[in-house]
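**Q** Have a look at this prediction, sequence included:
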Amino acid sequence: YWIYKNSPSDTLRFTPGDRNAPDFPYLIASEEKLRAITIQSDEISQLPIPMYFQQICDINLGNREWTPLGKPELPFKGLYDGNGFRIRNLKISGTNDYSGLFGALDEEGTIRNVHLISGSVAGGNQVGALCGVSLQGKIENSSSRCTVTGQEEIGGICGRNSGSVKGCLNEGPVNGHTSV
């Protein structure tokens, strides 16, 4: 089992039986478990194997500030399957680059079946509701109704994409200065 520390005094375990394989992903059943991935984002990105996560219910992030998963120097690798469930009330504010539910996705990274039904994502450059920058990753069968605002390379789904985006839909407003 992986142990995730939210603070020095408490730990969070993923559900027993999770084995980290495509057929046995870590199960995400709460805001707390989704945020636990963020807390360990750097460590996950440094592992030699991809990680597999599957959302098993709708999740409300409560309009509390979100820290994107992955960054260009340590992009997310693995699979996050939203399983058709919804995430609501995503909030990212400020002017940071690489803002989105995922900050950066690497060539071994896939986001699929994720549906952001409300929220706002604000940042500097390379800002998208699902992903700030995709470095040859895949985004599939996902959607967003979030408001996205930034400076350069801004998108409803992905800010800057050098990978593939298939079967995705953005229904939220997108505002930026260059490459929107």
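**A** All right, it came through fine. Residues are numbered from 1 along each chain as shown.
**Q** Let me know how buried the closest residue to Gly103 other than its chain neighbours is, in neighbour terms.
**A** Excluding its sequence neighbours, the residue lying closest to Gly103 (C-beta to C-beta, 6 or more residues apart in numbering) is Pro68, at 3.2 Å. Heads up, the C-betas are built off the backbone N, CA and C, glycines and all. By the measure other C-beta atoms under 10 Å, the count of residues near Pro68 is 22.
**Q** Next, count neighbours for the residue nearest to Gly82 when sequence neighbours are not counted.
**A** Nearest residue to Gly82 in three dimensions, chain neighbours excluded: Val114, at 3.5 Å (C-beta to C-beta, 6+ apart). Other residues near Val114 come to 27 when the count uses other C-beta under 10 Å.
**Q** Same question for Gly119.
**A** Using other C-beta under 10 Å, Gly119 is surrounded by 22 other residues.
**Q** Please enumerate the helices of the chain.
**A** Per DSSP state H, the chain carries helices over the ranges 31-39, 41-46.
**Q** weakest of these in terms of mean pLDDT?
**A** Mean pLDDT is lowest for helix 41-46 out of the helices of the chain, coming in at a mean of 68.
**Q** Return the set of residues that bridge with Glu152.
**A** Note on Glu152: beta-bridge partners by DSSP bridges are Thr178.
**Q** Distance of it relative to Gly124?
**A** If you measure Glu152 against Gly124 using C-beta to C-beta, to the nearest Å, the figure is 8 Å.
**Q** Those two: which has the busier surroundings?
**A** Using other C-beta under 10 Å, the more surrounded residue of Glu152 and Gly124 is Gly124, with 19 against 16.
**Q** you'd agree that one is up against Gly150?
**A** Yes. Taking C-beta atoms under 8 Å as the definition, Gly124 is a contact partner of Gly150 at 6.0 Å.
**Q** shared neighbours of those two, anything?
**A** Jointly contacting Gly124 and Gly150 under the rule C-beta atoms under 8 Å, 6 or more residues apart in numbering are Ser99.
**Q** what is the mean pLDDT for the lengthiest strand in the chain?
**A** Across the chain, the longest stretch assigned as strand under DSSP state E is strand 102-112. Across strand 102-112, the average pLDDT comes to 95.
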